[in-house]
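# Kindly return the folded structure for what I paste below:
(4 chains)
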Protein chains: 4
Amino acid sequence: MDELKEECGVFGIFGHSEAANLTYLGLYALQHRGQESAGIAAADGHHVTVARGMGYVADIFDDRTLSGLTGSSAIGHTRYSTAGESRLENAQPFLIDCVHGQMSICHNGNLVNAGEIRRDLVSKGSIFQTSSDTEVVLHLYARTQAPSQEQAAIESLAQVQGAYSILMMSPDRLIAARDPHGFRPLALGRLGEAWIACSETCALDLIGATYVRDVEPGEVVVITEAGLVSHKPFPPAARLHCVFEHVYFARPDSYVFGRSVNEARTAMGRQLAQESMVEADVIVPIPDSGVCAAIGFSEMSGIPMRMGLIRNHYVGRTFIQPQQSIRHFGVRVKLNPVRSILEGRRVVLIDDSIVRGTTSRKIVRMVKAAGAREVHMRISCPPTISPCFYGVDTPRRSELIAATHTLEEIRTYLDADSLAYLSLDGMLGAVTPERTHYCTSCYTGTYPIEFPKDQDAYLQLALKLDKPGLVLEEQV
Amino acid sequence: MDELKEECGVFGIFGHSEAANLTYLGLYALQHRGQESAGIAAADGHHVTVARGMGYVADIFDDRTLSGLTGSSAIGHTRYSTAGESRLENAQPFLIDCVHGQMSICHNGNLVNAGEIRRDLVSKGSIFQTSSDTEVVLHLYARTQAPSQEQAAIESLAQVQGAYSILMMSPDRLIAARDPHGFRPLALGRLGEAWIACSETCALDLIGATYVRDVEPGEVVVITEAGLVSHKPFPPAARLHCVFEHVYFARPDSYVFGRSVNEARTAMGRQLAQESMVEADVIVPIPDSGVCAAIGFSEMSGIPMRMGLIRNHYVGRTFIQPQQSIRHFGVRVKLNPVRSILEGRRVVLIDDSIVRGTTSRKIVRMVKAAGAREVHMRISCPPTISPCFYGVDTPRRSELIAATHTLEEIRTYLDADSLAYLSLDGMLGAVTPERTHYCTSCYTGTYPIEFPKDQDAYLQLALKLDKPGLVLEEQV
Amino acid sequence: MDELKEECGVFGIFGHSEAANLTYLGLYALQHRGQESAGIAAADGHHVTVARGMGYVADIFDDRTLSGLTGSSAIGHTRYSTAGESRLENAQPFLIDCVHGQMSICHNGNLVNAGEIRRDLVSKGSIFQTSSDTEVVLHLYARTQAPSQEQAAIESLAQVQGAYSILMMSPDRLIAARDPHGFRPLALGRLGEAWIACSETCALDLIGATYVRDVEPGEVVVITEAGLVSHKPFPPAARLHCVFEHVYFARPDSYVFGRSVNEARTAMGRQLAQESMVEADVIVPIPDSGVCAAIGFSEMSGIPMRMGLIRNHYVGRTFIQPQQSIRHFGVRVKLNPVRSILEGRRVVLIDDSIVRGTTSRKIVRMVKAAGAREVHMRISCPPTISPCFYGVDTPRRSELIAATHTLEEIRTYLDADSLAYLSLDGMLGAVTPERTHYCTSCYTGTYPIEFPKDQDAYLQLALKLDKPGLVLEEQV
Amino acid sequence: MDELKEECGVFGIFGHSEAANLTYLGLYALQHRGQESAGIAAADGHHVTVARGMGYVADIFDDRTLSGLTGSSAIGHTRYSTAGESRLENAQPFLIDCVHGQMSICHNGNLVNAGEIRRDLVSKGSIFQTSSDTEVVLHLYARTQAPSQEQAAIESLAQVQGAYSILMMSPDRLIAARDPHGFRPLALGRLGEAWIACSETCALDLIGATYVRDVEPGEVVVITEAGLVSHKPFPPAARLHCVFEHVYFARPDSYVFGRSVNEARTAMGRQLAQESMVEADVIVPIPDSGVCAAIGFSEMSGIPMRMGLIRNHYVGRTFIQPQQSIRHFGVRVKLNPVRSILEGRRVVLIDDSIVRGTTSRKIVRMVKAAGAREVHMRISCPPTISPCFYGVDTPRRSELIAATHTLEEIRTYLDADSLAYLSLDGMLGAVTPERTHYCTSCYTGTYPIEFPKDQDAYLQLALKLDKPGLVLEEQV
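Numbers count the residues shown, from 1 in each chain, chains lettered A, B, ... in the order given. Purely as a prediction, here's the structure:
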């Protein structure tokens, strides 16, 4: 399907006799943030053990694997990545031995200057065993002369730029850190005496833990037997939360950046109705991510909402496409139109984004084939016109339909009777009254972090922006 | 989870070069009707081949298996069964060789007099290799002296009583039959020149086929190269469609018994609001089956609906429960409450049924723990008080909470602030204006088909009804 | 590889608390008699349970499967079959329910009149769910009016003709039977109070049981809590032990038909040296089956034996052949020549049989390529000229090189410097001083059991003998 | 079983269009050198790809995996390791990116000073992701300032001490190196224009390649498109070939250190007969490794050899031991005695080594239980009294029965009627006329390479030698 994919989810716990089991449950709740691979590292005060595998959390871990992960602290990771690098070597947590002893690491985000640092480290004799930017942090960590693990972690994080919510665990401590801009979420919770740090609060809910607060942007939290200590070692920086967490990624039952995802989405739907009302008979969400916004749209517009597209819950990676004569089942296998709802009706379809437009086009056609008289497409965010460099897997600019086509051209391509996106201001208003503190690069094409000076990095960036030679002008 | 389980889904196609592949897709659309095992038989005019396995359709069949199922006709089956009989031997389609040649069979339903017939056949020297009632039909079929396969099929079906939607396929013909009461659904469709018979119309949608009509109660349809011929060999009988297909089993995008499932459920929700209105702030469906009724309830009541319980889509059979100290994750692993929706609110929970009550109780408690001020449980059907003998896997009467407790007792057990069920009349009105033609045994305890005279069958029946010695009085 | 394949191995035990576990071990010892599928049925006095799977014994059964096979008696089966019928449905033990209660069955052999009986049963209304001749016995069993299970077993076995060593187990008894000619082996053993019946004594050795005697040809042994009772219900018949068990099939550490396999093979080697001496430097067995005969040949000839061909022990079903340019690894993957033994030497290769000749040809060439100056092929049995109808999977007559070529033609094809087979009389002398009591059909083309009168059976037979129209003349 | 285990086998090829496929076959031939994990890296001139897995070669690689390993050069590895480190992270080849570009590595041997170097590298900021000594070589390689890959490889190898036969492959070259003492074997071969380097010549045989010569001790061979270049960068050192390769590890069809393994073993058997003749009726090898020596013993003694112990070829890792009452199947599952050979006889058992003695004891008892009148144990090498530090996985000294017991004590423990080992001089004479150039540490307890000065290394060493405090005196 033509979807944007989150890079990762992280979960860590310190001070619970079932640390690995609870991490397994936490990862399970964060499964939507990455289905390619998963891993858990556990520490018993003296030693860290790790188990990683390709696939879903529930397929990778069994009783035997979990019981081998002994100790009262653990960190875990679910991961998505682009196809070329889909190999076990890149599955996290990474676990190394170095001058500061054993250290494991889990990372959600994207380091903008990782390539630069890697080249420098390589020139100094470092060896890299993965293609992940996370390995860079471990090398920096191992090379500091810092007197303590937390100081070494802080010194290494001080050298990287970009988006990160990171967990590091040594045999006897858990470090949770978030970049100064706070791009990606990271929540703190408690379960009895145990501390938990995780990407979304839904993981706390599942294990019955209480949400305490977020790890703050630029904060480094160190948890040991002695308790939790907070460090703020980095210069203050503007908050730049990823608005796409609210638009699409996070689960609606989570709070991210202190805001209920469900409420943000419903507000987007209401705002969308205000901005782009249309005469219609029924509001139909594209499940599951369009449901909250559709509820908001329905309420504001007074047009009833119906589940006019049914999602098949048994779709998995193992699904086999029949060959030859029967084609293009891509969308139908996941979504089925409900003729009794659509037939003869003027339908407003609510979705959370359009990336390449190919899936949206198939859905519009399917809804029309089921008898809809009109199809009005409403998108609960602005047009996606530029790739993300802070942890979201986006296609190149030239593949983003809104980067290269006008609204009318997109509408024509989708075969919709009308098309409207939520305004940038409208979207921001739905997530925060201040209408600020959020990164909106993918909607604006302006990037808040300076791009790396390094020539190779420029080229890579240019490739993704499809504008070789013009990279510098992109910068803010 | 404490759910009622459908016994089976069937799909058959005649006259398409990709018969097995389309059957695979059809079973995939019918996966919700049985996740224990699945199988496909294919026929090429001369020979029938079969492949069966335990688990999900998408896990059982791969390219190699499907390409071995050659021929232009195929039948397939998804199955649920009780644990004791969960073995590959019972997976359908069955395939036999007999005096009428090769014959394969798929069955959705339950034969009330199968035990009686089996004992008779056994006494005459028959051997049984499964514990399925379907095998009885094959023995009857093989023992008839009928001059044709269709006549043999009709003669054998004439001897069985109960609920069946059955597909039989020999090397060169497909037979689709439905019991005279029409308990279980069976739709007829076309894809180009090919004919399709399947449990629900959602399977037709997926492969782009057109819904033609239902196989009628008591009809035996025979499809060969020469076309479709309809037989009505059985005496006419009262229509007794399973109302639970509309309440719970069928997918909302299907038409069953000529009625849109989505519309029936939404109407139930509206009726439920009319019957049992309550002051509240938010309507919350228990996903996914409660959504349609919740939409209806919300519209009729004017109280907004919110997705206050989020379902985890990654739940599978492989999920491993942590041990010891962390328990009772049963419901949380599947459903997570959305605190921002529930906190401080008066909540109406909409569900489609209460079986034992254990799951409902957990959900109510979870919703209250998430901050709900009041929880009002509304069920979109009448109290389930008696087991089904026509193809639905129900627990014994003594395990059905509504069979043994008053409404108030149930409400107290659930810890809900109020509890109401839809009335029998209200439910029937939602599915058909005539308010008739439906089997409602599970809500009334009166059974439309005479119970078998056989002593052993009595005992089995009595066991399920928990009333040894009183079985005869149950009969209508 | 170009080998003859045994059809099956059977193992049964009555009266031991670890019946299924011991059967698992017994099958493991009999794995060489069939690697396609295996199964175990266990009985606890009231009920029989079965588990079957495709592949090796050690792959099919794990702790969980074995612990589900409860009870103090069990029977098991390892199976080989031709490709077309390689499906789980045909894996044994079969388990049925019939008028005599539950009955499971395991069969080693081949019933000559199974097709005839099957057609008769089918015409009487029986249904067949497998393509195995063993299912015929179960139908006959279920149709007898006999007052007891053992009587029913005897009556059903009385109707079949051909080779069988059969185990039948009901909830409370184990029946072991052998056809009147005694084609296939069946040994009786004891482990404490428990009785065991199995194809070869090596299975007794593995579990520490004692070999008591063979089930005699035509004997039906019934074992219950009350002990072992022997029946001899069939008319006496000439003993016709399969000589190929000694030549090739059985493990050298087994006794079959009361004779040590190792001793028989060593005697064949000695006799072969006496009959076909040749000037040479080294005797090289084709491992593993040629080793015993090579030792005998070496001793009688005075020429030293060397392991000049090494067998790779890691060859399994999963081995993947590289494609395209690298071909014909077939033999090399299993056998590697030892240059230091072969180079410049006159080599006598000892093998136990030549079927199609293709593998032998590759081996001769490989040995010559490793530097052998001369290669003399010696076969420890007479030329195989006719297919087996009593339980050995042989190719059609036209595919047997010795059926269609002279000795000199075979030698030329193999590219050997000389070729000699053991004489029929010499082979018989090696297995028994009386030189009788053995079936030698595959070496003589004369068949001791009358072929079925049935027209269909004739045709099948003719197909295998490649002599349509001449079938009747084949008969003795 | 109580066996010594080889650490690894390596195979590399340069310049063949089916490089990965041939490496797969090569590893398959070397499977006996390590069954825990295996991996293949392939290079296409620009990029190196790797695939690794736990288990057997034939289970890890399928068509899809192999076809992903593109390019005309490849290296592969089979590995055994001790249980504690049995994890995928340690499976080779390792693949890194560093200042010299991509480099993959495979290693057979053991680096005596790896711990020392690792501690030094760690103190300089290196991170270690495995517990393998091979990772040390990669770090040294990445840290050299050498102008070329080969020079960097030479500089890094110059810093390690111990036993190694190593393959390194970058995108465009293959480097094969052997330590100056030549502890472990490494053969060079050709297949058409392609060059091959592998642990044993049996891998050359399988793919039809020609044995050219050994990589010489201290030689570094670099193969590129331009051809093969030999370097001899290290100071000359005494040859110290591992004699245990001839005694036990290598396949008998291989040449190692320029000597036929089969001939060496047969000569050991002959010498053993000369040294420790005994009156007996039959010589019985413990298969498969004792066969060659038994043939030699039989010829020299004139006592006939018989295969009195049969090995079960279906033993695999998946074999499940029955529980509770049936125990001690350890040996019987692998070996079965042939009563007809042993009963009433005076038996000479020939084995290649005794490690802990537990298995030998079980075999002697099993042979006696099968009726042997006398059992005389003859071992084709001297008593193993000290652990190996050069690539063989041996238990601690205290677990070696010959290190702590007299010959008579061992005989008593084994319950043998007599026991004799081959003399050190006799063994050396069997492998080379000079009776020198071989490492015999495990038989003498004197170690040719100075032990590391490092305190931690001392302790580890002391642990294995069970002599804390006395380590220095061990040194030569």
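# So which residues lie in contact with the helix or strand where A:Arg378 lies, not counting its own?
Element membership for A:Arg378, per DSSP states H and E: strand A:374-379. Residues from elsewhere that reach strand A:374-379 (CB atoms under 8 Å, 6 or more residues apart in numbering or on different chains): A:272, A:276, A:278, A:280, A:297, A:346-354, A:360, A:364, A:367-368, A:411, A:414-422. No exception for glycine: its C-beta is placed from N, CA and C like everyone else's.
# So which of those residues sit within strands?
Of the positions in the contacts of strand A:374-379, A:346-351, A:418-421 sit in strands, assigned by DSSP state E.
# between these, which has the most around it?
Neighbour tally across the ones in strands among the contacts of strand A:374-379 (other CB atoms under 10 Å in any protein chain shown): the maximum, 31 neighbours, falls on A:Val348.
# hey, what's it bridged with?
Going by DSSP bridges, A:Val348 is paired in beta bridges with A:Ile283, A:His376.
# before we move on, the earlier item: show me which of the ones in strands among the contacts of strand A:374-379 is closest to D:Leu335.
The nearest member of those to D:Leu335, counting by CB to CB, is A:Asp351 at 67.8 Å.
# Around chain D, which positions in the stretch 201-350 of chain A sit nearby?
On the criterion CB under 8 Å from any CB of the partner chain, chain D has no neighbours in the stretch 201-350 of chain A.
# So which residues of the stretch 251-400 of chain A form helices?
For the stretch 251-400 of chain A, helices defined by DSSP state H, counting those that start in this stretch occupy the ranges A:261-275, A:291-301, A:330-334, A:339-342, A:358-369.
# Show the secondary-structure elements that the third one is packed against.
Helix A:330-334 makes packing contacts with helix A:358-369, helix B:202-206 when contacts are defined by 3 or more CB pairs under 8 Å, 6 or more residues apart in numbering or on different chains; DSSP states H and E.
# Give the buried residues for the first one.
Think helix A:358-369. A:358-368 (16 or more other CB atoms under 10 Å in any protein chain shown).
# check which helix or strand covers the nearest residue to A:Arg435 once chain neighbours are set aside.
In this structure, A:Arg435 finds its nearest non-sequential neighbour in A:Leu428, 4.1 Å apart by CB to CB, 6 or more residues apart in numbering or on different chains. Using DSSP H and E, A:Leu428 sits within helix A:424-431.
# likewise A:Met103?
Secondary structure assignment for A:Met103, by DSSP H and E: strand A:101-111.
# which strands and helices sit next to that strand?
The helices and strands touching strand A:101-111, judged by 3+ CB pairs under 8 Å, 6+ apart, are strand A:8-14, strand A:37-43, strand A:48-54, strand A:73-79, strand A:94-98, helix A:134-143, strand A:162-170.
# Does chain D have contacts with the very next helix or strand once past it?
Using DSSP H and E, the next helix or strand after strand A:101-111 towards the C-terminus is helix A:114-123. Yes: applying CB under 8 Å from any CB, one finds helix A:114-123 in contact with chain D at A:122-123.
# pLDDT of helix A:114-123, averaged?
Summarised as a single mean, pLDDT over helix A:114-123 is 92.
# With stretch A:225-233 instead?
The model assigns stretch A:225-233 a mean pLDDT of 97.
# how close does A:Val261 get to chain C?
A:Val261 sits 42 Å away from chain C, going by CB to the nearest CB, to the nearest Å.
# And for that residue, the neighbour number?
Neighbours around A:Val261, by other CB under 10 Å: 29.
# gap between it and D:Pro383?
Look at A:Val261 and D:Pro383: by CB to CB, to the nearest Å, they are 72 Å apart.
# Repeat that for A:Asn110.
From A:Asn110 across to D:Pro383, the span is 62 Å (CB to CB).
# A:Ala250: neighbour count?
Here the number of neighbours of A:Ala250 (other CB under 10 Å) works out to 30.
# pLDDT wise, what is it at?
For A:Ala250, the pLDDT comes out at 94.
# who are the neighbours in contact with it?
For A:Ala250, the contact set (CB under 8 Å, 6+ apart) comprises A:185, A:200, A:256, A:261.
# quick one: it from A:Glu200, how far?
Distance from A:Ala250 to A:Glu200, counting by CB to CB: 6 Å.
# Need the overlap of contacts for these two.
A:185, A:256.
# any chance of the helices and strands packed on helix A:330-334 in TSV, with distance to chain C too?
Output for the helices and strands packed on helix A:330-334, formatted as TSV (distance: least, CB to the nearest CB, whole Å):
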stretch	distance to chain C
helix A:358-369	36
helix B:202-206	27
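# do you know which of these lies nearest A:His313?
Using CB to CB as the measure, helix B:202-206 is the one of these that comes nearest A:His313, at 12.7 Å.
# Check which helices and strands that closest one sits against.
So helix B:202-206, by 3+ CB pairs under 8 Å, 6+ apart, packs with helix A:330-334, strand A:335-337, helix B:19-29, strand B:187-191, strand B:194-198.
# Let's have these in JSON lines, adding mean pLDDT and mean neighbour count.
As requested, the helices and strands packed on helix B:202-206 are exported to JSON lines (pLDDT from 0 to 100; neighbours: other CB atoms under 10 Å in any protein chain shown):
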{"stretch": "helix A:330-334", "mean pLDDT": "77", "mean neighbour count": "18"}
{"stretch": "strand A:335-337", "mean pLDDT": "91", "mean neighbour count": "24"}
{"stretch": "helix B:19-29", "mean pLDDT": "94", "mean neighbour count": "29"}
{"stretch": "strand B:187-191", "mean pLDDT": "98", "mean neighbour count": "21"}
{"stretch": "strand B:194-198", "mean pLDDT": "98", "mean neighbour count": "27"}
